[in-house]
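Student: coordinates for the following, if possible.
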Amino acid sequence: MRYRVVLEQDEDGIYVAECPSLPGCVSQGNTREEALANIKDAMAGYLESLRLHNEPIPPSIWEETVDIAL
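Tutor: Here you go, the predicted model:
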């Protein structure tokens, strides 16, 4: 599955990563790469928790895209 992740660098130079499709799923790292690795782990745990509690899984970005011929 694919989800959009937003990365921002805070005033202390720490990278903060958030997945808007998974409310409250936020992580951070000292580097961009570390923040991405950490958010992937956080997202996996978030999705596993949803599965264990029989909660709906938000659609991935692939499921939200459509092609329109003009």
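Student: show me what contacts the spatially most central residue of the chain?
Tutor: The residue lying closest to the centre of the chain (C-alpha atoms, centre = their mean) is C19, at 3.0 Å. C19 makes contacts with Y3, R4, V5, V6, C25, V26, I39, A42, M43, Y46, as judged by C-beta atoms under 8 Å, 6 or more residues apart in numbering. Bear in mind the C-beta positions are built from the backbone N, C-alpha and C, glycine included.
Student: thought the third one was touching Y15?
Tutor: I take that to be V5. No. The criterion here is C-beta atoms under 8 Å, and V5 misses it with Y15 at 10.9 Å.
Student: this protein: strands as residue ranges?
Tutor: For the chain, the strands defined by DSSP state E cover 6-9, 15-18, 26-29.
Student: re the thing from before, can you tell me which of the contacts of C19 are buried?
Tutor: Y3, V5, C25, I39, A42, M43, Y46 (16 or more other C-beta atoms under 10 Å).
Student: can you list these in TSV and add distance to T31 and pLDDT?
Tutor: Shown next, in TSV, are the buried ones among the contacts of C19 (distance: C-beta to C-beta, whole Å; pLDDT from 0 to 100):
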residue	distance to T31	pLDDT
Y3	21	93
V5	15	95
C25	20	98
I39	13	98
A42	16	98
M43	18	98
Y46	22	98
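Student: I'd like those residues as JSON lines, with distance to I68 appended.
Tutor: Below are the buried ones among the contacts of C19 laid out as JSON lines (distance: C-beta to C-beta, whole Å):
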{"residue": "Y3", "distance to I68": "23"}
{"residue": "V5", "distance to I68": "26"}
{"residue": "C25", "distance to I68": "30"}
{"residue": "I39", "distance to I68": "31"}
{"residue": "A42", "distance to I68": "34"}
{"residue": "M43", "distance to I68": "29"}
{"residue": "Y46", "distance to I68": "32"}
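Student: farthest pair in those residues?
Tutor: V5 and Y46 (12.3 Å; C-beta to C-beta).
Student: next, E11: phi, psi?
Tutor: phi -60, psi -20 (degrees, to the nearest 10).
Student: that one: how many residues sit nearby?
Tutor: 5 (other C-beta atoms under 10 Å).
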